[in-house]
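# Mind folding the following:
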Amino acid sequence: AGRVIAAAFPDRIAKARGRAGAFLLANGRGAALDPAEALSREAYLAVLDLTGVAQEGRILLAAPLSEDDLREVAASRILRREEAAFDPAVMGLRGRAREKLGALTLSERQTAVAPGPETATALAEGLAGAGFDRLPWSRSALAVLERARFLREAEPDGDWPDLSEEGLTAGAADWLAPFLTHATALKDVREEHLAAALDLLVPYALRRRLDAEAPTHFDAPSGSRLPIDYSDPEGPALDVRVQELFGLNRHPSVAGGRRPLTLRLLSPAHRPIQVTKDLPGFWAGSWKEVRAEMRGRYPRHVWPEDPAAAQATSRAKPRGT
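Next up is the predicted model:
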């Protein structure tokens, strides 16, 4: 009887849901039997008649159906699919082979994942969703991201891409997946893969603008080449000993002169003295008090009355004195 009903109504083949009397039909409808009935303990049923709403139907007439009979009767309707899904616990893809008859999962087993374009998309989206701090970014790549994010904020009408974590996560299938066709887990991802992806996001023309408008370093009057910190939420900042800025009467800036650098002025011992976005104002204002204090602490260093006209140095005394 089960074979006959299943052949006539394959969408009414039902599978037990795990609790006595609860079943799911191949057409996606839920149905139930009284747990006291013998059929309630069957793994599969072929349902001839039922009543009630879609998710809470009541089976009125059914017959038991063995899995062998099910597979024979519904052979042409059983779909077999292998798929890979990202597992945050292992930071990689897990493969599964499934057999389905409509809404019913007949079997499921783990399989090895073969890397390729399809798996690359699943891996890229999974890794991006797990957090960019887990990816093996190089320091130089992170610096490019920070600088590009700054310029996008400084030039809201410009053509800088959205390289925020939210933007990169949303577009991971486009920028990261093409470089992960060899990979099935985070352990397969290297710095050079992310560097190549970053070249796609910030191509040559934008990279030249990036170097011009958001340089990595500041050339101090002393001759020192000092790194600019673009990670500061208050804006690009520069840690610099105050003697290395002597002779500078204009405040340094980036983004084509639109954004002043935050100068974190340091003593000869690299201790904080003052933070300013107005160097000429500092020279003309509080420098007098700073000079009086610093002369007592560091007598071997020069502390000119007019620092804007003095010679910059990275040494205790300028050369030749």
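# Show me where the stretch 201-321 of the chain has its helices.
Under the criterion DSSP state H, counting those that start in this stretch, helices of the stretch 201-321 of the chain are mapped to 204-213, 279-284, 287-297.
# Could you list the low-pLDDT ranges of the stretch 51-200 of the chain?
Across the stretch 51-200 of the chain, the stretches falling below the confidence threshold (pLDDT under 70) are 54.
# where do the helices sit along it?
Taking DSSP H, counting those that start in this stretch as the criterion, the stretch 51-200 of the chain carries its helices at 67-73, 117-130, 139-154, 165-170, 172-175, 191-201.
# what would these look like in CSV with mean neighbour count and distance to T184?
The way it works is simple: take the backbone N, C-alpha and C, and place the C-beta from them, glycine included. CSV is the format used below for those (neighbours: other CB atoms under 10 Å; distance: least, CB to CB, whole Å):
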stretch, mean neighbour count, distance to T184
helix 67-73, 15, 31
helix 117-130, 19, 6
helix 139-154, 18, 22
helix 165-170, 14, 20
helix 172-175, 17, 16
helix 191-201, 17, 13
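# For E244, which of those helices is the nearest?
Comparing the helices of the stretch 51-200 of the chain by their distance to E244 (CB to CB), the top pick is helix 139-154, with 21.7 Å.
# and the angle from the closest one to helix 191-201?
Orientation of helix 139-154 against helix 191-201 (axes from the mean of the first three to the mean of the last three CA atoms, to 10 degrees) gives an angle of 20 degrees.
# My read is that E83 contacts L93, right?
No: using CB atoms under 8 Å, E83 makes no contact with L93, being 9.6 Å away.
# which one of those two has more residues nearby?
Neighbour comparison, E83 and L93: the larger count goes to L93, with 20 against 15 (by other CB atoms under 10 Å).
# is it true that the more buried one touches L127?
No: here L93 does not reach L127: they are 10.0 Å apart, not a contact under CB under 8 Å.
# Between these two, which contacts overlap?
When contacts are counted by CB atoms under 8 Å, 6 or more residues apart in numbering, L93 and L127 have F86 as shared neighbours.
# I78 and S107: what is the separation?
10 Å (CB to CB, to the nearest Å).
# shared neighbours, those two?
The contact sets of I78 and S107 overlap at E99 (CB under 8 Å, 6+ apart).
# Which residue of these two possesses the greater neighbour count?
For I78 and S107, the more surrounded residue by other CB under 10 Å is I78, and the numbers stand at 15 against 12.
# List phi and psi for that one.
phi -80, psi 120 (degrees, to the nearest 10).
# Quick check: it touching E72?
No: the pair formed by I78 and E72 falls short of the contact definition of CB under 8 Å, at 10.4 Å.
# now A38: how far from G2?
A38 sits at a distance of 14 Å from G2 (criterion: CB to CB).
# So which of those two has more stuff around it?
Neighbour tally, A38 and G2, criterion other CB under 10 Å: the higher count belongs to G2, 21 against 8.
# Tell me which residues touch the nearest residue to that one once chain neighbours are set aside, please.
Take G2 and drop its neighbours on the chain: the residue closest to it by CB to CB, 6 or more residues apart in numbering is L65, 3.7 Å away. Going by CB under 8 Å, 6+ apart, L65 touches 2-3, 5-6, 13, 42, 44-46.
# so what's A173 up against?
If a contact means CB under 8 Å, 6+ apart, then A173 has 121, 124-125 as its contacts.
# quick one, what contacts P260?
Contacts for P260 (CB under 8 Å, 6+ apart) come out as 235, 251-253, 277-278.
# er, W303 actually
Taking CB under 8 Å, 6+ apart, one finds 291, 294-295 in contact with W303.
# Looking at neighbours, which among those residues is most surrounded?
The contacts of W303, ranked by neighbours (other CB under 10 Å): first place M294, 18 neighbours.
# What residues does that one make contact with?
Counting by CB under 8 Å, 6+ apart, M294 makes contact with 242, 267, 273, 301, 303.
# Over to D162?
Counting by CB under 8 Å, 6+ apart, D162 touches 152, 168, 171.
# What separation is there between A32 and D11?
The separation that A32 has from D11, given CB to CB, amounts to 18 Å.
# go on, L93?
Using CB to CB, one gets 33 Å for the distance from L93 to D11.
# Reformat the contacts of D162 as CSV; add distance to G18.
Converted to CSV, those look like this (distance: CB to CB, whole Å):
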residue, distance to G18
R152, 51
L168, 40
G171, 40
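# Of those residues, which is the nearest to A197?
Looking across the contacts of D162 and measuring by CB to CB, the closest to A197 is L168, at 9.5 Å.
# on that earlier part again, taking the contacts of L65, please make a PyMOL selection of just the buried ones.
One line in PyMOL is enough to select the buried ones among the contacts of L65; burial here means 16 or more other CB atoms under 10 Å:
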select buried, resi 2+5+6+13+42+44+45+46
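# Now distance to P156, pLDDT and secondary structure too, for the contacts of L65, in TSV please.
Compiled in TSV, the contacts of L65 are given as follows (distance: CB to CB, whole Å; pLDDT from 0 to 100; DSSP: H, G, I helix; E, B strand; the rest coil):
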residue	distance to P156	pLDDT	secondary structure
G2	67	95	helix
R3	68	95	helix
I5	66	95	helix
A6	63	95	helix
I13	58	96	strand
E42	65	95	coil
Y44	61	97	strand
L45	62	96	strand
A46	64	96	strand
